[in-house]
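Peer 1: Structure of the sequence below:
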Amino acid sequence: MNDGVNGVALAVFIIFFLAVTVMGFLAARWRKAENEHSLDEWGLGGRSFGTWVTWFLLGGDLYTAYTFVAVPAAIYAAGAAGFFAVPYTILVYPLIFTFLPRLWSVSHKHGYVTTSDFVRGRFGSKGLSLAVAVTGILATMPYIALQLVGIQAVLDVMGVGGGENTNWFVKDLPLLIAFGVLAAYTYSSGLRAPALIAFVKDTLIYIVIAVAIIYIPIKLGGFDDVFGAASEKYTAAKAGGLVPLEAGQWTYATLALGSALALFMYPHSITATLSSRSREVIRRNTTILPLYSLMLGLLALLGFMAIAAGVKVTNPQLAIPQLFEDMFPDWFAGVAFAAIGIGALVPAAIMSIAAANLFTRNIYKDFIKPDATPAQETKVSKLVSLLVKVGALVFVLTMDKTVAINFQLLGGIWILQTFPALVGGLFTRWFHRWALLAGWAVGMVYGTVAAYGVASPTQKHFGGSAKEIPGIGEIGYIGLTAFVLNVVVTVVLTFVLKAVKAPDGVDETSPEDYTADAGDPGVEVELPPATAGTSH
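Peer 2: Numbering: from 1, shown residues only. Down below sits the predicted model:
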């Protein structure tokens, strides 16, 4: 790793960063709304995005800077086991094709901004809605932190900020500046900012991966040499070569399946989805989003290339930025670093907006100020989006990066526990609201306690997301085990509660709401009673 600053790469990085900053602020004028004082406009872009904008927005949302850095880093450090991200993104798209259009339709019909809005309306339970909202916020916070970790990895490789002995303020100043810019244009432009910047981000990533997958293997002697070097390293480390060891196959499979189930439970995934202008936009996107899985497969190969190139780093998260630094001309290394940096800004903005919307709609409005006007909701959401980013920044600056990664894994375990209420509710009203809440609680407690007991070489607790599956004896993904317990408790208690005729709550939706499209007769966004008729 270079000790000095890579001036050329830094200059290119700054040019791209300034360009997207300007775009972020100009986005407030893009598709400017007549009434900006509503969460529909600030938090969902006016529910106006078409197929291509939604595609770039979802891609920018799901394929983050952390993905760019962490997936090949996992390959670099652990071998083929790191490839689990590729099959899980393949599994997820047929899954979301079945339920995302239904969620869009009912949300458009009733003016739902968050998943918790839907859960409250479907099951008539503010308690269940609160549980889903709190889970979403908790799971999102470390995810935002990891985007800042991605920016920090790039800055470290470029030599910006000095060494470990440098004054903390000077060392972290570039990250603080990036954070400040992100916070400012998100506050100003809402979801329109990351939607516009996503075009630049995804284009850069596609260019960098296309060049890397051709240029770097040529410099290393071809893919035969790349795979040969990787196989030698894994064999020597007894990591199973290019194929996961038999003992790790349950972990691989359950992690892929559990991650697929969890991905679109995250608030930011739903926020990007609900910003679409029609049900058909969602359906089309689920058919073309797999193009990103192709990109992810190619991206994963960079981990093998880092091994073949002899990249030596103490932190695997630096392996890919260092590979770009070593193999590319300085100017193109700057382009690659910009792709990673911008790849952090887009999802971090969407995540902070999503978490803020959850707080505003399902905590502030439901429990603190039920008569809040649309303008008040928007103001609170803007302020909370800032607080969420500040929390993520403090997390990054004060805690070890490994801790941030492991808490993100814990967030995945948590968010999966909202699946029965959200996806189950989209297809059936059979589940009892109290049973869903009890199942969620069991899954959350089991998942947290099980993860607490996992140690790693650097941590005594929360050191990973895999543990022995009770009754099977195989090592598997804790989140999926917790999910199974969640479902079992939910089903059993639903039978019991229905048998004793426990009050089941009021369902404000109707069957036709789940297949309605924009433009259908009678399908207009319904404002909540407290806000209907309010003008600003």
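
Peer 1: roughly how far apart are the closest residue to Gly248 other than its chain neighbours and His461?
Peer 2: Distances taken as C-beta to C-beta, 6 or more residues apart in numbering put Ala81 closest to Gly248, at 5.6 Å, once the chain neighbours are dropped. For the C-beta atoms, the positions are set from N, CA and C on the backbone; glycine is no exception. Distance of Ala81 to His461, computed by C-beta to C-beta, to the nearest Å: 22 Å.

Peer 1: Neighbour count for those two, which is higher?
Peer 2: Using other C-beta atoms under 10 Å, the more surrounded residue of Ala81 and His461 is Ala81, with 20 against 11.

Peer 1: Check that one and give its pLDDT.
Peer 2: Looking at Ala81, its pLDDT stands at 75.

Peer 1: same question, Gly258
Peer 2: Looking at Gly258, its pLDDT stands at 93.

Peer 1: And for Gly124?
Peer 2: For Gly124, the model assigns a pLDDT of 94.

Peer 1: Could you count how many residues lie near it?
Peer 2: 16.

Peer 1: List the residues that contact the residue most central in space within the chain.
Peer 2: The centre of the chain sits closest to Leu62, judged by C-alpha atoms, centre = their mean, with a distance of 5.3 Å. With contacts defined as C-beta atoms under 8 Å, 6 or more residues apart in numbering, the neighbours of Leu62 are 89, 263, 269, 292, 347.

Peer 1: ok, those vs Gln317, which is closest?
Peer 2: Nearest to Gln317 among the contacts of Leu62 is Pro347, at 16.4 Å by C-beta to C-beta.

Peer 1: tally of neighbours for Ala11?
Peer 2: Neighbour tally, Ala11, other C-beta under 10 Å: 12.

Peer 1: any idea how far it lies from Val5?
Peer 2: 10 Å.

Peer 1: where in the stretch 351-500 of the chain is pLDDT low?
Peer 2: 400-402, 404 (pLDDT under 70).

Peer 1: Sorry, wrong one. I was asking about the stretch 1-150 of the chain.
Peer 2: 1-3, 31-36.

Peer 1: now do 90
Peer 2: 1-7, 10, 17, 20-94, 141-150 (pLDDT under 90).

Peer 1: Can you show me the strands along it?
Peer 2: Assigned by DSSP state E, counting those that start in this stretch, the stretch 1-150 of the chain shows no strands.

Peer 1: circling back: show me which of the contacts of Leu62 are buried.
Peer 2: Taking 16 or more other C-beta atoms under 10 Å as the criterion, what is buried in those is 89, 263, 269, 292, 347.

Peer 1: The longest helix along the chain: what's the following helix or strand?
Peer 2: The residue-count maximum for a helix in the chain (DSSP state H) belongs to helix 126-158. Next helix or strand after helix 126-158 toward the C-terminus (DSSP states H and E): helix 168-189.

Peer 1: From the rest of the structure, what touches that next one?
Peer 2: 17, 21, 24-25, 27-28, 148, 151-152, 155, 160-164, 193-194, 341, 345, 348-349, 352-353, 382, 385-386, 389-390, 393, 396-397.

Peer 1: Would you check the distance separating it from the middle of the chain?
Peer 2: The chain centroid and the centroid of helix 168-189 are separated by 20 Å under C-alpha atoms, centre = their mean, to the nearest Å.

Peer 1: start the count at 2, not 1, going forward
Peer 2: OK, 2 is where the count begins now, so the last one is helix 169-190.

Peer 1: Can you show me the CA trace of that helix as PDB?
Peer 2: Extracted in PDB, the C-alpha atoms of helix 169-190 (Å, rounded to 0.1, in the frame of the first residue of the first chain):
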ATOM      1  CA  TRP A 169      -8.200  12.000  14.400                       C
ATOM      2  CA  PHE A 170      -9.800  15.100  13.000                       C
ATOM      3  CA  VAL A 171      -7.400  15.400  10.200                       C
ATOM      4  CA  LYS A 172      -7.500  11.700   9.500                       C
ATOM      5  CA  ASP A 173     -11.300  11.600   9.300                       C
ATOM      6  CA  LEU A 174     -11.800  15.000   7.700                       C
ATOM      7  CA  PRO A 175     -12.400  13.700   4.200                       C
ATOM      8  CA  LEU A 176     -15.100  11.300   5.500                       C
ATOM      9  CA  LEU A 177     -16.700  14.200   7.500                       C
ATOM     10  CA  ILE A 178     -16.800  16.300   4.300                       C
ATOM     11  CA  ALA A 179     -18.400  13.400   2.400                       C
ATOM     12  CA  PHE A 180     -20.900  12.900   5.200                       C
ATOM     13  CA  GLY A 181     -21.800  16.600   5.300                       C
ATOM     14  CA  VAL A 182     -22.400  16.800   1.500                       C
ATOM     15  CA  LEU A 183     -24.600  13.600   1.700                       C
ATOM     16  CA  ALA A 184     -26.600  15.000   4.600                       C
ATOM     17  CA  ALA A 185     -27.100  18.300   2.900                       C
ATOM     18  CA  TYR A 186     -28.400  17.200  -0.500                       C
ATOM     19  CA  THR A 187     -30.600  14.400   1.000                       C
ATOM     20  CA  TYR A 188     -32.200  17.000   3.300                       C
ATOM     21  CA  SER A 189     -32.700  19.300   0.400                       C
ATOM     22  CA  SER A 190     -33.800  16.900  -2.400                       C
END
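
Peer 1: quick one, strands of the stretch 402-537 of the chain?
Peer 2: Using DSSP E, counting those that start in this stretch, strands in the stretch 402-537 of the chain cover 467-469, 476-478.

Peer 1: which non-adjacent residue is nearest Leu410?
Peer 2: Ser466 (4.1 Å).

Peer 1: and that neighbour, what is it in contact with?
Peer 2: Contacts of Ser466 (C-beta under 8 Å, 6+ apart): 256, 407, 410-411, 413-414, 452, 455, 478-480.
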